[in-house]
Structure formats: structure tokens, C-alpha cells
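> sequence first, predicted model second:
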Amino acid sequence: MAQSKFAKDLSRLLTRLEPLTNPTVMRELKKLRKILVRLHKRRLVKINHSVIELLCARHLLEQDYQVAVEHVLSSGNLIADIFAVKLQLPNPPSATELDVEGGLEGDTIVVEIETGFVPPDAALLPEQYRQARISAKIARYSGHARRFILATPSSHVLQVPQVLLRPPPARAPKEIRQLKKQCDYYYSSPPISFEALASVEIDVIYIVQVDRGIVIEIPPHRYLDTIMRARGILEA
């Protein structure tokens, strides 16, 4: 059977990465590619998102994490784009066998990828929708691992509310109430709690340069400043 364009594009990506990637990492990437191809046949994933998943997976694999894509979290209600774990065990299980909330001794990471999609019913308020979507993701996913990371292509600017870029003690209740109202407009089942928005944090932002096949890590509090300097709004 002929390969789909999706499968061919992921193969081309891995071919481009292979000369710059150690063989052990490449073997794991090929396994993840097969998983994504199977999911694509079920119309569960799309190419832009999957390309970024593989690039983020490579970045984490090179740091000795075990990586699973489209990982069902232990609550059963959420699927993490990437779940990664680094365990200090002689023969650790594969990432696909791990339970995020199973009392793991090691570093666990959830990565959520945002490519900037806006549905037609939010066409007149795209920034408001994007802020609500990102806020809801942070609130829902960050508690499922020791660290939470947002990833986005360098061609897209994340609409992270400034209040969530500040540490929890620096967030005013009035700001949180306004953000919750914004989230409630789009996400009511289940609703995003005030307590979650007041306490959750982003640990790192990944800027993914797809053309170059690299991932750049940015501290959340520096993200907006970095984007503004890159666009010439602020002096370098």
C-alpha cells in the first residue's frame, strides 16, 4: 500500500534530522513516527502538529528522557501531546507504560503544542479565544507532571495572558477573576477553577524552528520580551 502524504512528510523530516541525531534517539523517533502514522489513519492527528511533536520528542530524547506522544493521562480524560520521564532505574519501563500520577521517582514533563488554530466561531475575537485556550490548557495539564511546557512554532506568537507569566504570588485576584470569566465563555465542561488559574505555572516555553529542526527553550517571563525584540518592537 502506498504511503500517505502524512507518512511521507514525517519520513522526510526524519531523513533531514538523521545526520544530526545519534542512532539511539533516531530509533526512538522512528517508533514515535509509526504511532503518529497509525493515529493519522484514524484522523486523530494532523501533520503540522505531528512535525512539532517529533521535534520536541527529539529535543527531550537527547536529554535522556523517555518520550510518549498522544499519551492518555491517568485521569483518562486528557491526552497529553507529549509525556516525558527521566527515571533513575537500571531497567526503566518505556514511556508508553508509565502512569503520570503513579508516584514516579524522577522528572516528569507534559508538553502541550499550540500551532495557533482559531475556529470560525471565534473569528472576531481570535486573541481572546487563544488566551482562553492556552489558560485552560495550563490549568488542566500542568498538574499531571512535575514540569509543564508549552511548545509553539517560531511562526506563531503564543497568546499567553500576562498574569500567567508572573509567579502566583504576583497575580491579583481581580486579574484571575477576569481570566476565569474569559475561560468560562469557551470552556464550561468542566469549568476552569479560580484556584487553578491562581496557582498554575508554565515552567518553559519551547520555540520550535521547524525549518531548522531545532527547539529553543525560553523562560516564560522572557517570552514576550523575546518576541518583541525579534520583531524590532524593542531594541536588542
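Cool, the structure landed.

> CA atoms for contacts and neighbours, from now on please.
Noted.

> what about dumping the CA coordinates of the host helix or strand of residue 141 to CSV?
In the assignment (DSSP states H and E), residue 141 maps to helix 126-141. This file holds the C-alpha atoms of helix 126-141, laid out as CSV (Å, rounded to 0.1, in the frame of the first residue of the first chain):
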residue,chain,number,x,y,z
PRO,A,126,-9.1,35.4,17.9
GLU,A,127,-6.7,36.7,20.6
GLN,A,128,-9.4,36.3,23.3
TYR,A,129,-10.0,32.8,22.2
ARG,A,130,-6.3,31.9,22.1
GLN,A,131,-5.8,33.3,25.6
ALA,A,132,-8.7,31.3,26.9
ARG,A,133,-7.5,28.1,25.2
ILE,A,134,-3.9,28.5,26.5
SER,A,135,-5.1,29.4,30.0
ALA,A,136,-7.4,26.3,30.1
LYS,A,137,-4.6,24.0,28.9
ILE,A,138,-2.2,25.3,31.5
ALA,A,139,-4.8,24.8,34.2
ARG,A,140,-5.8,21.3,33.1
TYR,A,141,-2.5,19.8,32.2
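
> ramachandran angles for the residue positioned nearest the centre of the chain?
Among the residues of the chain, the one closest to the centroid is residue 112, at 1.9 Å (Cα atoms, centre = their mean). Backbone torsions of residue 112, given as degrees, to the nearest 10, read phi -110, psi 130.

> same check, this time on the one 5 residues further on
Torsion angles at residue 117 (phi, psi; degrees, to the nearest 10) stand at phi -60, psi 140.

> how close does it get to residue 171?
Applying Cα to Cα, to the nearest Å, the value for residue 117 to residue 171 is 28 Å.

> between those two, point out the one with more neighbours.
Legend: neighbour count by other Cα atoms under 10 Å for residue 117 and residue 171, higher for residue 171 (17 against 10).

> just checking, that one touches residue 197?
No: using Cα atoms under 8 Å as the test, residue 171 is too far from residue 197 to be in contact (9.4 Å).

> listing request: residues of the protein with sub-threshold pLDDT.
1-2, 88-105, 227-236 (pLDDT under 70).

> from the contact counts, what lies against the helix ranked longest in it?
Using DSSP state H to define each element, the chain has its longest helix at helix 23-41. Under the contact criterion of 3 or more Cα pairs under 8 Å, 6 or more residues apart in numbering; DSSP states H and E, helix 23-41 touches helix 5-17, helix 47-61, strand 66-72.

> what's next to the first one, contact-wise?
Looking back up the chat, that one is helix 5-17. 26, 29, 30, 33, 37, 40, 46, 47, 51, 213 (Cα atoms under 8 Å, 6 or more residues apart in numbering).

> so which bits of that helix are buried?
Using 16 or more other Cα atoms under 10 Å as the test for burial, helix 5-17 gives 6, 7, 9, 10, 13, 14, 17.

> how much does that helix deviate in direction from helix 23-41?
Interaxial angle of helix 5-17 relative to helix 23-41 (axes from the mean of the first three to the mean of the last three Cα atoms, to 10 degrees): 170 degrees.

> can you show me the CA trace of helix 5-17 as CSV?
Output in CSV follows, covering the C-alpha atoms of helix 5-17 (Å, rounded to 0.1, in the frame of the first residue of the first chain):
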residue,chain,number,x,y,z
LYS,A,5,1.5,12.2,2.3
PHE,A,6,1.4,12.4,6.1
ALA,A,7,3.7,9.4,6.4
LYS,A,8,6.0,10.6,3.7
ASP,A,9,6.3,14.0,5.3
LEU,A,10,7.3,12.5,8.6
SER,A,11,9.8,10.3,6.8
ARG,A,12,11.3,13.3,5.1
LEU,A,13,11.6,15.1,8.4
LEU,A,14,13.4,12.1,10.0
THR,A,15,15.7,11.9,6.9
ARG,A,16,16.6,15.5,7.4
LEU,A,17,17.3,15.0,11.1
